[in-house]
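Trainee: Dropping a prediction and its sequence here:
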Amino acid sequence: APARSRTAKVTPEGADPLEGKNIEVKENKVEYFKLTQDHGCLPKGSSLWVFKHDMPCRIVFYNIIKHPAFDQFILVIIVAGSILLAWETPLWDPTSTQYTVVNYINLVFNGIFIAEMLTKIVALGFVLHEGAYLRNAW
């Protein structure tokens with residue numbers, strides 16, 4: 001969708017109404033980035049003493065983990081990994097194609113779980129914040 005032009009409203013004390021918003025202004029056009037928009041729910045303080053609460057990467061990660069499809073995707077990967085684990089057997093020949101394919105799929109699943117963990121740690125904090133990664137039972 002094309003971006004629409006916007007006329008800034010005059011605010012008290014002459015403050016810029018767009019200040020502090022996650023927007024980009026190009027040639028009198030304003031484009032909103034939903035993924036980088038802070039909705040005020042991000043935990044305050046820094047994550048791992050590095051990522052401040054207003055850093056764009058932390059806001060993007062927070063919006064990713066709060067998207068409804070994120071948890072559903074992770075649950076599908078958990079179920080698929082469980083099925084693969086139940087199907088796998090130590091009696092397979094280590095040189096067989098089946099063994100090799102299952103090992104590669106396990107590597108992909110492990111990569112997805114590590115990416116999920118790192119994304120949540122950056123977005124929520126590790127342990128010190130309320131609602132941090134290790135404080136969440138789910």
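Mentor: Yes, it's here. Residues are numbered from 1 along each chain as shown.

Trainee: so who does the closest residue to Asn136 other than its chain neighbours touch?
Mentor: Once flanking residues are discounted, Asn136 sits nearest to Leu124: 7.3 Å by Cβ to Cβ, 6 or more residues apart in numbering. (Glycine included, C-beta is placed from N, CA and C.) Residues near Leu124 by Cβ atoms under 8 Å, 6 or more residues apart in numbering: 43, 47, 62, 65, 131-133, 136.

Trainee: Kindly give a single PyMOL line that selects the buried subset of these.
Mentor: Applying 16 or more other Cβ atoms under 10 Å to the contacts of Leu124, the buried members can be selected in PyMOL as follows:
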select buried, resi 43+47+62+65+132+133
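
Trainee: any idea how far Met117 is from Asn110?
Mentor: In this view, Asn110 and Met117 are 11 Å apart by Cβ to Cβ, to the nearest Å.

Trainee: And Ser47, by the same measure?
Mentor: Taking Cβ to Cβ, one finds Ser47 at 13 Å from Met117.

Trainee: Name the residues of the helix or strand hosting Tyr62 that come out as buried.
Mentor: Taking DSSP states H and E as the definition, one finds Tyr62 inside helix 56-65. The neighbour-count check on helix 56-65 (16+ other Cβ under 10 Å) flags 58-63, 65 as buried.

Trainee: quick one: average pLDDT of it?
Mentor: The average pLDDT within helix 56-65 is 85.

Trainee: In this structure, what residue spans correspond to strands?
Mentor: Taking DSSP state E, the strands of the chain run over residues 23-26, 29-32.

Trainee: Would you mind checking which of those scores lowest on average pLDDT?
Mentor: strand 29-32 (a mean of 41).

Trainee: Count the residues that sit near Leu134.
Mentor: Neighbourhood size, Leu134 [other Cβ atoms under 10 Å]: 13.

Trainee: any idea how far Phe70 is from the residue nearest to it when sequence neighbours are not counted?
Mentor: For Leu134, ignoring the flanking residues on the chain, the nearest one in space by Cβ to Cβ, 6+ apart is Val127 at 4.4 Å. Note on Val127: its distance to Phe70, by Cβ to Cβ, is 21 Å.
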